[in-house]
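Visitor: prediction below, plus the sequence it came from.
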Amino acid sequence: VRWVQNTPIPQRDAQGRLVAYDGLITNITSRKRAELLLAAEYAVTRDLAAANTLAEVIPLALEHLCQTLHWHHAAHWQVEGDQVRCEHTYWRMPPSARDLEVTGVARTLNSGAGLPGRVLADCEAVWVCDVALCPELAHDSPPPSAGLHCGCAFPIRFNRHIAGVIELYSRDARAVDERMLEVLGTIGVHLGQFMENKRAEEQMRQSDRLLRQSQAIAHVGSWELELASRRLTWSDEAYRIFGLEPQPSGVSYETFLESVHPDDRAALDAAYANSIQNGQVNTYETEHRVIRKSTGEVRYVREKCEHVRDGSGKIVRSIGIVQDITEQKRAARQLEEAFARLARRDLILKDMVRKLKASHTELKEAQLQLIQAAKLESIGTLAAGVAHEVKNPLQTILLGLHYLTCKFSDQPGEVTLTLQDMRDAVLRANGIIRELLSLSAETEFSPQPGDVNAVIERSLRLMHNDLLAAKVEEVRALDPDLPPVLMDASKLEQVFI
């Protein structure tokens, strides 16, 4: 098929009448093919710019290639490992049922099989003038009944990786068109770049989604402040932390300060300004409170940023994060309160231990007192028995002394004095026994006015022998003018003894 341009040149006679035509026929096939190739490339590029997915643009690309470059059938093959699978097909003219049967989708070819398999194996475009003359392609190409002869296939590639294959067939036999192969290769690169760009966009969207989810989970937002415009760009989580609705144009630094707790506002502003003015500092970190605009709730946040400098070293931008640490603060406060309660309980426990020790000491003292009381009771019982056994002989001795005193009343004074001493000794022994019985007796407390000196004298008499045995010198300094004292004499003697 050739394209020609016919340019007629009219011939007129002397009177200006049209008498004939001269014609100029120019072969414009090359120019027309170049225009069609550019038109096809432009159409595919335009569709790529408007499409969102490869599934949208592939059917349009197949249609443009067939309609503009005069191919009768086109197919898109998806690479799956070492195989290719047919995903889309297009016919320039309405296909027959037989055409759909032999060139439909869902077919699979191995690497090296058919035109798509050759492209996958050789990583380059393939042009076959007439597939009917290639026995090695007969098994994996459309059968002769489809009426397809010239075949061409080119890769969809990006970064030297083949992601797919475009297959084209014509009902006519065609010679190899290097210019068309070059344009088809460019279209394949455009399609590959589109796939890569969309894949990168999807990865970016996925990364952005993961970032937003991570920030929401960790309660960490990101921000960027342009010092020249004093405009803040916040992430969604930063807006949530401050209780503000996201703004496409960001927020001003003054709006940020309005969200800061009034008690922290001045110190925060001054600290950030100092970090900017100090040329040696590239980072800034602080903690402060904010008041959420949406709820009025007070939250604690931690801010940290790095300053970005221009070529002259001047700080022009700050990039940082803001983290909601309210729960951490609340947990720390609860931990402090728990420690305080534990400390108070420790003090209470120590006080209880001290009281238990004191009670134990008092119990031991009470036990000793009980033991002493038991001893005194035993002594009292023993004293009562001894007194009963001793007092009777003492009474007999007193009667005998009385008899002797009466009988020897006319004897010399020495005899009388001796008898008197004996009588005093017996009376003293009798008094000691009586006082011992009184000391050991269990009686109710009965205070009566009495002479303290007399109680002391009786106590000393009872302890006289013990003092002598212990070689203790007794010194008495008793005031004879002491008034009577309200006391239980027997109990007080027990105390002294």
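Guide: Arrived safely. Values in this document were obtained by computation on a predicted structure and should not be read as measured data. Numbering: from 1, shown residues only.

Visitor: can you give me the helices in the stretch 251-400 of the chain?
Guide: 253-259, 262-277, 326-407 (DSSP state H, counting those that start in this stretch).

Visitor: and what of the stretch 1-150 of the chain?
Guide: Under DSSP H, counting those that start in this stretch, the stretch 1-150 of the chain gives helices at 29-50, 54-69, 97-103, 114-122, 135-138.

Visitor: can you name the element that comes right after the last one?
Guide: Secondary structure here is assigned by DSSP states H and E; on that basis, the next helix or strand after helix 135-138 toward the C-terminus is strand 150-158.

Visitor: ok, the helix or strand following that following strand: who's next to it in the sheet?
Guide: Per DSSP H and E, the first helix or strand lying C-terminal to strand 150-158 is strand 161-170. Strand pairing for strand 161-170, using DSSP bridges, gives strand 73-80 (antiparallel), strand 150-158 (antiparallel).

Visitor: buried by neighbour count: which residues of strand 161-170 qualify?
Guide: For strand 161-170, burial by neighbour count (16 or more other CB atoms under 10 Å) applies to 162-170. To be clear about C-beta, it is placed using only N, CA and C from the backbone, and glycine gets the same treatment.

Visitor: likewise for stretch 75-83?
Guide: 75-79, 83.

Visitor: before we move on, back to that, single out the most deeply packed of the helices of the stretch 1-150 of the chain.
Guide: Scoring those by mean neighbour count under mean count of other CB atoms under 10 Å gives helix 114-122 as the most buried, with a mean of 24.

Visitor: list of residues touching that one?
Guide: 75, 77, 79, 82, 84, 109-112, 125-126, 128, 131, 137, 140-141, 151-155, 162, 165, 167 (CB atoms under 8 Å, 6 or more residues apart in numbering).

Visitor: quick one: mean pLDDT for stretch 265-274?
Guide: The predicted model gives stretch 265-274 an average pLDDT of 90.

Visitor: may I see the buried residues of that stretch?
Guide: 268, 272.

Visitor: can you check stretch 399-416 too?
Guide: Buried residues in stretch 399-416 (16+ other CB under 10 Å): 401, 404-405.

Visitor: same question, stretch 278-290
Guide: For stretch 278-290, by 16+ other CB under 10 Å, it's 284, 288-290.

Visitor: please apply the same query to stretch 322-329.
Guide: 322-326, 329.

Visitor: likewise stretch 486-497?
Guide: 487-490, 492-493.

Visitor: distance between it and the chain's centre?
Guide: Centroid separation for stretch 486-497 versus its chain: 77 Å, with CA atoms, centre = their mean, to the nearest Å.

Visitor: pLDDT of that stretch, averaged?
Guide: 78.

Visitor: and for stretch 77-85?
Guide: Averaging pLDDT residue by residue across stretch 77-85 gives 90.

Visitor: quick one: S259 from Y272, how far?
Guide: Separation of S259 from Y272 (CB to CB, to the nearest Å) stands at 14 Å.

Visitor: out of the strands paired with strand 161-170, which comes closest to E362?
Guide: Closest of the strands paired with strand 161-170 to E362 is strand 73-80, at 92.8 Å (criterion: CB to CB).

Visitor: starting at the chain centroid, how far to the closest one?
Guide: Offset of strand 73-80 from its chain centre (CA atoms, centre = their mean): 50 Å.

Visitor: surely H64 touches A40?
Guide: Yes - contact criterion CB atoms under 8 Å: H64 and A40 qualify, at 5.4 Å.

Visitor: related to what we said a few turns ago, any chance of the buried residues of stretch 75-83 in CSV, with distance to E303 too?
Guide: Below are the buried residues of stretch 75-83 laid out as CSV (distance: CB to CB, whole Å):
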residue, distance to E303
A75, 58
H76, 52
W77, 54
Q78, 49
V79, 49
Q83, 55
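
Visitor: lowest-confidence helix or strand of this structure?
Guide: helix 97-103 (a mean of 53; mean pLDDT, DSSP states H and E).

Visitor: coming back round to it: ok, the buried residues of stretch 399-416 vs K198, which is closest?
Guide: L401 (141.9 Å).

Visitor: that closest one and T416: what is the separation?
Guide: 11 Å.

Visitor: also L133?
Guide: Taking CB to CB, one finds L133 at 181 Å from T416.

Visitor: same question for E303.
Guide: 119 Å.

Visitor: just to revisit the earlier point, which stretch among the helices of the stretch 1-150 of the chain comes nearest E336?
Guide: The nearest among those, by CB to CB, is helix 54-69 at 59.2 Å.

Visitor: what are the contacting residues of the closest one?
Guide: In contact with helix 54-69 (CB under 8 Å, 6+ apart) are residues 36-37, 39-40, 43-44, 47-48, 51, 71-76, 87-92, 166, 168, 180, 184, 187, 191, 194-195, 198.
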